[in-house]
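Asks: just a sequence and a predicted model for now, questions to come.
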Amino acid sequence: MEIFLQSETWIALLTLTFLEIVLGVDNIIFISIVSNKLPENQQPKARNLGLLLAMFFRVGLLLGISYIIQFTEPLFTVFNHGFSGRDLILAGGGLFLLFKSTMEIHHKMEGEVEEVKAKSGASFGSVLVQIILLDMIFSFDSILTAVGLVDHVIIMIIAVVISLMIMMAFAGKISRFINEHPTLQVLALSFLILIGVMLLVEGFHVEVPKGYIYFAVFFSLAVELVNMRMRKKTAKKPVELKPRMKESKE
C-alpha cells in the first residue's frame with residue numbers, strides 16, 4: 001500500500017500506539033484487580049482472553065464509526081450551516097473527549113479512589129464478562145482518539161491491535177513504568193484535550209492539519225524525557241496520581 005511508504009503514516013502509527021498504551025493503564029489495573037478474584041492459575045488466561053475479545057470489539061467499533069463518518073450529506077441546517085452524520089460524530093466525539101479528559105485529570109489529582117474487593121470467589125465467566133464490559137466503556141475515548149489522529153482505518157486498526165498485544169504481553173511492566181512516571185499520563189490526557197478540540201472544529205468544517213498534533217506530541221515527549229533524566233539524577237520522588245480504583249484490603 002502506498003500509505004505505508006509515507007513518513008506521516010509511521011509517525012501517526014507510532015503516536016497513536018503510544019497514546020493507546022498510556023491511556024490503557026487504568027484499564028490494565030482494573031483488569032488485574034478483577035482477575036484476582038480467580039485462582040492464580042486462571043488469572044493470566046482471563047486477562048489475555050478478555051483483552052483479546054476487547055480488541056475485536058474495538059476493531060468492530062472502529063469500522064462502524066469509520067463507516068458512519070462517510071455520510072457527508074447534510075441532515076439538517078442551523079444558521080445556514082449544514083450538519084451531516086460525519087459532522088455530528090466528530091463534534092460529539094470532540095465534546096466527549098474534552099469532558100472525559102478534564103474529568104480524568106481532575107480525578108488523577110483530586111478525586112476519590114474506588115476500592116474493589118479482589119478475593120470473592122467469582123466464576124471465570126463472570127470475571128471475563130466484567131473485563132469485556134469495562135473495556136467497552138474504556139473503548140470510546142480510545143476509538144475517538146484514533147479517528148481524530150488518523151485518516152486511514154487500516155492504520156487505526158493496526159495501532160489498536162499492536163497496543164493491546166503489547167498490553168497483553170507486558171501489562172505489569174507497563175503499569176509500573178507509567179506509575180513511576182505519572183506525568184506521561186497527564187501528558188496523554190492533555191493530548192486528548194487537543195484532539196477533542198480538533199474533532200470539534202472539524203465537525204464545523206474547519207480542517208486542522210494533523211501534523212500540528214504530531215509535533216505537539218513528540219515535542220512534549222522530548223521535553224518530558226529530559227525532565228525524567230533530570231529527576232533521575234536528583235532522585236526526586238514523582239507526584240503520585242490517584243488511580244481510578246484500587247484493591248480493597250478487606
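Replies: Perfect, I can see it now. Numbers count the residues shown, from 1 in each chain.
Asks: most distant residue from the centre of this protein?
Replies: Distance from the C-alpha centroid of the chain peaks at N80, with 35.4 Å (CA atoms, centre = their mean).
Asks: any idea how far it lies from K232?
Replies: 57 Å (CB to CB, to the nearest Å). From N, CA and C alone the C-beta is placed, and that goes for glycine too.
Asks: circling back to that earlier point, what pLDDT is listed against the residue farthest from the centre of the chain?
Replies: N80 carries a pLDDT value of 77.
Asks: ditto for V116
Replies: V116 is assigned 52 on the pLDDT scale.
Asks: and A235, by the same measure?
Replies: Predicted confidence (pLDDT) for A235: 59.
Asks: burial check on F99, number of neighbours?
Replies: 13 (other CB atoms under 10 Å).
Asks: what does A12 give?
Replies: The tally of other residues near A12 (other CB under 10 Å) stands at 24.
Asks: check contacts around the closest residue to it other than its chain neighbours.
Replies: Spatial nearest neighbour of A12, excluding adjacent residues (CB to CB, 6 or more residues apart in numbering): V150 at 4.9 Å. V150 sits next to A12, L13, L16, M156, A159, K210 when contact means CB atoms under 8 Å, 6 or more residues apart in numbering.
Asks: phi first, then psi, for the residue farthest from the centre of the chain.
Replies: Phi and psi for N80, reported as degrees, to the nearest 10, are phi 70, psi 20.
Asks: how near is the residue nearest to A12 to S66?
Replies: For V150, the distance to S66 - CB to CB - is 10 Å.
Asks: identify the contacts common to these two.
Replies: Taking CB under 8 Å, 6+ apart as the criterion, V150 and S66 both touch M156.
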